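>>> Sharing a model prediction with you, sequence too.
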Amino acid sequence: MPDCCACDSSASMSNSNSSGFIHPLDPLTPGEIFDSSKLIRDNYPTKKWIFNSITLVEPRKVNVLEYLDAEERNDPLPFIPRRSKILLIEKYTGKVFEVVTNLSSKLIEKFIEIPFGNQPTFTIEESLIAEDVVKKDVEVQKRCAKLGIENMDLIVADPWVISYEGLDPALRGRRIMQSFMYARMFDEDNQYAHPLDFAPIVDMALEEVVLIEDLPMNADMKSIRRGKVTYPKQCLNYAHDLHENGFLRTDVKPLQVLQPKGPSFSVKGNELSWQKFKMRIGFNYREGLVLHNVTYQDGDRLRPLIYRASLAEMIVPYGDPRPVYHRKCAYDVGEYGLGFSTNSLKLGCDCLGAIKYFDGVLNNHNGEPNVIKNAICVHEEDDGLLYKHTEYRNDRVTVARSRKLVVSFIVTVANYEYAFYWNFYQDATIHFEVKATGIISTIPRLNDETVPYAAPVAEGINGQYHQHIYGMRLDTMFDGLKNTVYTVDVSPLKGDFGSLDNPFGQGFTTSVTPFKSTKEGFSDACTEKSRFWIIGNQNSLHETTRKPTSWKLYPGNPIRLMAKPGSHVYEQAGFAQHAVWVTPYNDEQIFPAGDYINTTNKLNGLAEWMKEDKKTENQDIVLWHVFGSTHIVRVEDFPIMPVEPCGFTLKPYNFFMSNPSLDVPPPDRKANKSVYAHTVGNGSTISNGSNNASNNGN
């Protein structure tokens, strides 16, 4: 069987130049992470710390823009000190501290305790600790024994960060995790086929189980048991090596992606260049992949597009209203960290072709650097037709094939995987795509009883309805720093059939409305009006249209948050209430649900920032776009879910003087090595059919 499990670390290259030069936007190096934690230990030698996160303090935008301008002009580069931000948890007390260190001067510039009730990201290390605590708890062991499970090595606990809603007031504000419980029939078994009926809550500061809650087993809101409770024991596995011999398909023949002259992109440190695009690759514990300073070379003009782009938050609220499921809502960016959850990618499995990997450098609880090998993948893909026209009068054909650059990373957050792809095309289109896969979070199903907010996926197993909602932060600078966002609606002309302005009744037009301030700085998707948005630069008028040069935001997968006003989910996920938001740029406003998701204090996020009533027309702005999918679970999603894609697209909109991909060369059969199917391999299985007439083609 092909080995896609061994990491080919030789494919990974250093993220800094051999000269040791560090760009102001480069992620922290392993040495800088070590120096950051050393500063804490040296200054507070008697304290016991958990280093929750250590990350780059990105310099102020105004300073970075000065640096980038000097870089473009080949002028002397201004000095920008390197700083790190550290979130510390004091052992045993659970107190949280925010620290900023100046790595250039070796000084601590900020050291403050965060108000009680604010909890930073929960790490994978903590999840493993929580699982260990649960499995060693005497009451948990008794519960398992009652179900007939004696071997605790076969017990699995999926720790979830939970809101404090409906909890005992004594637990509010503490660093707690709730575990959904599963069993295995053997070591490598798929535990999600065997959900158990209780959920322990762990206090992470004390490292002990403080509460065990019964899961509801019936359609009502109560967890009262009606008859004997058991758990499903049928094995439903997905791993290839756990299936019998002869299970795998034998008719999938090799498909190779070959680039004999190498890829068309180039990399210098963390700077990536491809087909007139240029950008810098960033990575941090919370957002994972971050793109900086995306530009496009248009003839002799280097045109700025995006200063910074990232998936700034994502939530997975569940629709089951029964306690304790009402607290089942994951904030995968703010509560778990996409960077912390990033996979080490495998050559020939996660991406195909000529691959460039970037490592991800984060920290562990001891403040030591933790290098995720091959965290980010860069490669090219053929994308079918770019354009084609046949002049039917003389059969003259003009055709170009589309190629795209893909910058991607994949995360595992407990049961789910999310693969994130930035796609750049030769016509300057930018497309962001998320592919959700992995395994649904299963719950026990008693006596085949149905509930209206979940679906059966196997005997004794339900999959709950839920949503995947993604919040993008796009710090645009199309043709310059000051941009304006407009809502564009397409509507029929007002006049009816036979009227003077619409005599034949088929006319339609557009209306364009600018976002002038944060008071009117949000908008919802509207399929009835074919709504889209444009981001324009009023200081850069197009020569043909005499209107601002712009880019179009096309909402590929709009979504409506199902939670109702007044609910904890609705209030905390305020950013998910609308499809598009626009705010004036603020160095401190990065995360739309706030810096601390798990909190008992006043929420501080995008919905709060909108109350400031600031001007957004022709300003340095940030566009926030919300999209996603509502997952009504089906049987085919289990035991492992085929990818569920969704995303959005940015396209130039009266930005260039014509189709920017006219200079893409036509396809060359000699170069791409295309052949007739009946001439290769076991060609006798394929009829050559009508190809006889064209076998002499070039």
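Structure received.

>>> C-alpha only now, for contacts and for neighbours.
Fine.

>>> partners of the closest residue to Lys95 other than its chain neighbours in the sheet?
Beyond its immediate neighbours in the sequence, the residue positioned closest to Lys95 (CA to CA, 6 or more residues apart in numbering) is Ile89, lying 5.6 Å away. Judged by DSSP bridges, the bridge partners of Ile89 are Ile50, Val96.

>>> got the contact list for Ile89?
Trp49, Ile50, Phe51, Asn52, Lys95, Val96, Phe97 (CA atoms under 8 Å, 6 or more residues apart in numbering).

>>> Just the local confidence number for it, please.
Ile89 is assigned a predicted lDDT (pLDDT) of 97.

>>> before we move on, what about Met221?
So, for Met221, pLDDT stands at 81.

>>> any idea which helix or strand carries it?
Here Met221 is covered by no helix or strand, with elements defined by DSSP states H and E.

>>> Distance check, it against Cys329.
18 Å (CA to CA, to the nearest Å).

>>> Could you check which of these two has the larger neighbour count?
Under the neighbour definition other CA atoms under 10 Å, Met221 and Cys329 were set side by side, and Cys329 has more, 19 against 13.

>>> Please verify my assumption that that one contacts Asp320.
No - with contact defined as CA atoms under 8 Å, Cys329 does not count as touching Asp320 (10.5 Å).

>>> now the helices: where do they sit in the stretch 551-698 of the chain?
Remark: helices assigned in the stretch 551-698 of the chain by DSSP state H, counting those that start in this stretch are 568-572, 606-609, 669-672.

>>> Any chance of a markdown table for those, columns distance to Thr549, mean neighbour count and mean pLDDT?
Compiled in a markdown table, the helices of the stretch 551-698 of the chain are given as follows (distance: least, CA to CA, whole Å; neighbours: other CA atoms under 10 Å; pLDDT from 0 to 100):
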| stretch | distance to Thr549 | mean neighbour count | mean pLDDT |
| --- | --- | --- | --- |
| helix 568-572 | 36 | 19 | 90 |
| helix 606-609 | 27 | 18 | 92 |
| helix 669-672 | 36 | 10 | 93 |
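
>>> isn't Leu481 right next to Glu617, touching?
No - applying CA under 8 Å as the test, Leu481 and Glu617 come out as separate, 11.9 Å apart.

>>> Which single one of the contacts of Ile89 is nearest to Thr509?
Thr509 lies nearest to Asn52 out of the contacts of Ile89, by CA to CA, at 53.6 Å.

>>> Am I right that that closest one sits in a strand?
Yes - looking at Asn52 with DSSP: H, G, I helix; E, B strand; the rest coil, it is inside a strand.

>>> List just the nearest of the contacts of Ile89 to Phe627.
Nearest to Phe627 among the contacts of Ile89 is Asn52, at 29.5 Å by CA to CA.

>>> Where does pLDDT dip in the stretch 151-300 of the chain?
Along the stretch 151-300 of the chain, segments meeting pLDDT under 70 span 226.

>>> can you give me the strands for it?
For the stretch 151-300 of the chain, the strands defined by DSSP state E, counting those that start in this stretch cover 155-161, 176-183, 198-203, 208-214, 265-268, 271-274, 277-284, 288-298.

>>> list the helices and strands the fifth one packs on?
Spelled out, that is strand 265-268. strand 271-274 (3 or more CA pairs under 8 Å, 6 or more residues apart in numbering; DSSP states H and E).

>>> Touching stretch 635-651 from outside, list them.
In contact with stretch 635-651 (CA under 8 Å, 6+ apart) are residues 192-193, 236-238, 428-440, 456-458, 551-557, 627-629.

>>> Then stretch 123-142?
Under the criterion CA under 8 Å, 6+ apart, residues 52, 150, 152, 155-159, 177, 179, 200, 202, 204, 207-209, 336-337, 340-341, 364-365 lie in contact with stretch 123-142.

>>> List only buried entries from these.
Listed as buried from the contacts of stretch 123-142 are 52, 152, 155-159, 177, 179, 200, 202, 204, 207-209, 336-337, 340-341, 364-365; burial here means 16 or more other CA atoms under 10 Å.

>>> Counting by contacts, list what the longest strand seen in the chain packs against.
In the chain, taking DSSP state E as the definition, the longest strand is strand 369-391. Under the contact criterion of 3+ CA pairs under 8 Å, 6+ apart, strand 369-391 touches helix 30-43, strand 356-363, strand 396-413.

>>> Sheet-wise, list the partners of that strand with their directions.
Counting by DSSP bridges, strand 369-391 is paired with strand 356-363 (antiparallel), strand 396-413 (antiparallel).

>>> In it, which residues are buried?
Buried residues in strand 369-391, counted by 16+ other CA under 10 Å: 369, 371-381, 386.

>>> do stretch 594-605 as well
Judged by neighbour count using 16+ other CA under 10 Å, the buried positions of stretch 594-605 are Gly594, Asp595, Tyr596, Ile597, Asn598, Thr599, Thr600, Leu603, Asn604, Gly605.

>>> rewinding a little: which one, of the strands paired with strand 369-391, ends up nearest to Asn502?
strand 396-413 (37.4 Å).

>>> tell me the angle the closest one makes with strand 288-298.
160 degrees (axes from the mean of the first three to the mean of the last three CA atoms, to 10 degrees).

>>> for strand 396-413, what is the average pLDDT?
In the prediction, strand 396-413 has an average pLDDT of 98.

>>> can you pull the buried residues of it?
Residues of strand 396-413 classed as buried by neighbour count (16+ other CA under 10 Å): 400-413.

>>> ok, now stretch 56-68?
Neighbour count says stretch 56-68 has Leu56, Val57, Glu58, Pro59, Val64, Tyr67, Leu68 buried, by 16+ other CA under 10 Å.

>>> Next: stretch 338-349.
Going by neighbour count (16+ other CA under 10 Å), the buried part of stretch 338-349 is Leu338, Gly339, Phe340, Ser341, Thr342, Asn343, Ser344, Leu345, Lys346, Leu347, Gly348.

>>> and if you look at stretch 186-198?
Asp189, Asn190, Gln191, Tyr192, Ala193, His194, Pro195, Leu196, Asp197, Phe198.
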